[in-house]
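> structure, please.
(2 chains)
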Amino acid sequence: MTDTTNKWIGQRTIRPDGAEKVTGSAGFAADTTMPGMIWGSVLRSPHAHARIKSIDTSKAEAHPGVKAVVTAADIVDFPVDTPYPLGIQDMRWMCRNVMAREKALFHGHPVATVAALSEAIAAEACKLIEVDYEVLPHVIEIDDAIADDAPILHDFIEFEGKPSNIAGTIEHTKGDIEAGFAEADLIIERDFTTRPVHQGYIEPHACLVSVAADGKATIWSSSQGQFMVRAMTGLLTGIPQSNIRAIPAEIGGGFGGKTIVYLEPLATILSKKSGRPVKMVMSREEVMRASGPTSGSKSTVKIGVKKDGTITAADGTFWLQAGGLPGAPVRGAVGCALAPYDIPNGHTLGYDVVCNRSKVAAYRAPGAPLGAFGVECVLDEIAEQLGMDPLDLRLKNAAKEGTKAVHGPTYPLMGYVESLEAAKVHEHYNAPLGPNQGRGVASGFWFNAGGESSAQVNVTEDGNVVVTTGHPDIGGSRAGIANICAEILGIDYKRVSVLIGDTATIGFSNLTGGSRVLFASSIVVTESTNKIIRTLCDLAAKIWDIDPDAVTWENGEARPAGANAGQFPPLTLKELAARANESGGPIGESTQINTTGAEGGFGTHICDVEIDPDLGTARVVRYTVLQDVGRAVHPSYVEGQMQGGAAQAIGWALNEEYIYTEDGRVDNPGFLDYRMPIASDLPMLDTHIIEVPNPKHPQGVRGVGEVPLVPGLSAVRNAIYDAIGIRFNDLPISPPKVAEALDMPKAAE
Amino acid sequence: MAKQHITTTINGEPTDFLCEPNDTMLDVLRNELNLTGSKEGCGSGDCGACSITLNGRLVCSCLMLGVEAAGAEIETIEGMADGENLHPLQQKFLEMAALQCGICTPGMLIAAKSLLEENPDPTETEVRYWLAGNLCRCTGYDKIIRAVMDTAAEMRGAA
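The predicted structure follows:
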């Protein structure tokens, strides 16, 4: 651990980008304009599944005001038989997702795009494009997609030697599950389903792209990774990365959904063809039809326990919808489902199932809530049957330092047990419940991530500090970075400016995902800042003409290390910055590292619900999130992550779902009918931060952002059981379902 | 269609603009007047990110036509602070971290300001129902509600 006085780490400082965000001046992607700018619009498939026989764009091209038309023929093809991984994505699927190639795979799949003098002209011209479709039978639900007679989306996908919609599997095994179940006194096996839900960021995807006459492209866009935008756009357009400058706009929410490109390659090719800057902004309807969501799932979970609650074996099978192209978050489901527990014999198996929905994108701990849902529900039932407190059952089996997880790793020091113990004694857990109320608990795990990160820390000539990093700030990470840099330097945090660099001004940094940002950027910022302190001490040594080792840095000043070093008044950062040219010149340090040591995160949730016996509505009336965060560098934004994750879980559990029509269209592509939690739906969301510092991180940081979505679905569901004695195994537990289960036919209508 | 010439007052400043009869006020603010603090999250009046006041009344600018601004007094997020002096709500949102990504923040602030003008002493439930038309996906609303209530208390104390 860095030796710090903790003047700023742990403080609720004002975020560096705060004033811009509350005055409306922060520049989000759709806020950017350029002289000569024109507008792009996307033509989307009206069919859920159709072969594209031909596309005639001639009428659109001849339409007054149209400047360019682009189809799949203009986009670099990645043949389906040659895998081309990029991070966790595969360019074979990316190139087919940004623009339908052989087939339209879902209603809303882009088929062509037009740039014109106005949005209205571009939209009009899209209607003039003639696409000859051969409409094919479509398949939306998992059971239909894996049926023997299912329409097959891709003839290049085979499973067990036959054409199939099962694009892949992931499996983890530990011990001998049959032997484990044979030892059990009680075995419970249940089936579960969850529905696809959207990330629900309020800012639709947007970009502005200008390709200059020399072929150099500048991209302003809203994404979780400017380097991801550069790489994918480069690959899909054939422009070398050195000729693409991707500038990260402020991002209006992502939750994983902005970890891939949709519009940027299209706008780049439109700009290249037209010679004009091109702006593209999705409508909410386009966002809902053609971006995200996360997978719907079905699962079977079987857990065996001894009479004392010791788990002897656990088995989970998970089927996840990928959408039209492979890539459901199977790893998250099979890896995280059993991760909170020390299980001697465990097995998880997950299937990646394609169907005629929009291709899924990452959503906060992708796949993990789907894995945890069934496991945490079965544990609730086991606890009841054994007459055990559900937290005691989890404590009995809790993973701890040294536990070998079913998904492979052996855990280091971590604070899962602490989250359970804190829950047990929490005032919430011991508070009385009112009429029609029930209480549920659940736990969850997420892997967390490190990866590539870069920082440039510069001391200005007047002795202040500018920090540039490369991960888009999606929820206050700049505030945490300012706290850390100020802490190490021993200066007021307001003297530290924190910026997110573009792809031309900061070194490669992996995208904002995996809960990596504060973990990874604080490693590189710490290293750069420590290098700067060494430089400042060297400068002071030169000024004082003493040995550099005889200088220390304390409270923002260089001082002689002790009486033997000599008697000199301290030199402040300001004084040293002014004299930088006396030794080596400008003071600035860059660090570029592939960071490691991002250990997993655990949390436990307590939820109280109240059922309205007349309406069938389940209302969350109290909620507490307890989580080991390693070190809360900025507690407000740590709490914010815990609260935001819980709110999304509540929406997922109670209301959110995609509704499809018979002909395979999303029937609720807007915020009115796709019902995310609003302010009047929720209570205050209490948080309990647990700090078991990550021993592999200079400040002890663990990822925070994704864990809090994982336990919530089951915590809500278990609370509903406690309230009305009905175990709902299918999400969402919406009012009609509750009403029906309570035999309230009138309310159900 | 011929563009309409509209004369109005925005954030206390006399303003005129040309717009198509079917342009929304949000289009006018963002594309004609470069007042991009009002955001488009849905275009259907469901998210509140485009909230402004029209003659003192809280409206979604995506549901209002630009031509309706004629002769009216419009206030947007750009007019909420007085130079470097933030409105107490803006200051409290920063102090209490009542925003994460910040895309809903302008609409949330305009709506909250409108609430406090009408009801300087709202209960938590009243704040939650008043802001029910402003979606936030990041915060779970907790810190937003607390910031509005704290601001209300502070403003009552100062008055």
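
> what ranges does the stretch 201-350 of chain A have for its strands?
Taking DSSP state E, counting those that start in this stretch, the strands of the stretch 201-350 of chain A run over residues A:206-211, A:217-221, A:244-248, A:278-281, A:297-305, A:311-323, A:346-354.

> wait, I meant chain B
Here chain B has its strands, by DSSP state E, at B:4-10, B:13-19, B:51-54, B:57-60, B:73-75.

> from memory A:Asp492 sits against A:Ala486, does it?
Yes: A:Asp492 is in contact with A:Ala486 according to Cβ atoms under 8 Å; the separation is 6.5 Å. To be clear about C-beta, it is placed using only N, CA and C from the backbone, and glycine gets the same treatment.

> more crowded one of these two?
A:Ala486 (24 against 13; other Cβ atoms under 10 Å in any protein chain shown).

> assign that one to helix, strand or coil.
helix (DSSP: H, G, I helix; E, B strand; the rest coil).

> tell me the phi and psi of the nearest residue in space to it that is not next to it in sequence?
Once flanking residues are discounted, A:Ala486 sits nearest to A:Tyr493: 3.9 Å by Cβ to Cβ, 6 or more residues apart in numbering or on different chains. When read as degrees, to the nearest 10, the backbone of A:Tyr493 gives phi -60, psi -20.

> now swap in A:Pro326 and tell me
Here is the backbone geometry of A:Pro326 (degrees, to the nearest 10): phi -60, psi 160.

> look up how far A:Val353 lies from it.
In this view, A:Pro326 and A:Val353 are 9 Å apart by Cβ to Cβ, to the nearest Å.

> return every residue with contacts to both of these two.
Contact criterion Cβ atoms under 8 Å, 6 or more residues apart in numbering or on different chains; residues bridging A:Pro326 and A:Val353 by contacting each: A:Ala167.

> so the two - more neighbours on which side?
A:Val353 (31 against 21).

> which one is the residue in chain A that chain B sits nearest to nearest to, not counting chain neighbours?
Per Cβ to the nearest Cβ, A:Gly24 is where chain A lies closest to chain B, at 2.0 Å. Nearest residue to A:Gly24 in three dimensions, chain neighbours excluded: B:Gly37, at 2.0 Å (Cβ to Cβ, 6+ apart).

> number of residues surrounding the one you found?
Here the count is done by other Cβ under 10 Å, and B:Gly37 has 27 residues near it.

> please give me every residue in contact with the residue nearest to A:Ala486.
Counting by Cβ under 8 Å, 6+ apart, A:Tyr493 makes contact with A:8, A:11, A:13, A:482-483, A:486.

> A:Gly27 now?
A:20, A:249-250, B:36.

> of all of chain B, which residue lies closest to chain A?
Going by Cβ to the nearest Cβ, chain A is nearest to B:Gly37 of chain B, at 2.0 Å.

> now the residue nearest to the spatial centre of chain B: how far from B:Glu124?
Among the residues of chain B, the one closest to the centroid is B:Ile110, at 3.0 Å (Cα atoms, centre = their mean). For B:Ile110, the distance to B:Glu124 (Cβ to Cβ) stands at 20 Å.

> what does A:Ser419 give?
As judged by Cβ to Cβ, A:Ser419 and B:Glu124 stand 27 Å apart.

> below-threshold pLDDT in chain B: ranges please.
Within chain B, the set of residues satisfying pLDDT under 70 comprises B:1, B:159.

> can you pull the domain assignment for it?
B:4-79, B:88-158 (automatic domain parsing).

> can you give me the end-to-end distance of the first one?
The stretch domain B:4-79 measures 25 Å between its terminal residues, going by Cα to Cα, to the nearest Å.

> do the same with stretch A:666-681
With Cα to Cα as the measure, stretch A:666-681 spans 24 Å from end to end.

> spit out the contact partners of A:Gly584.
By Cβ under 8 Å, 6+ apart, A:Gly584 lies in contact with A:535, A:538-539.
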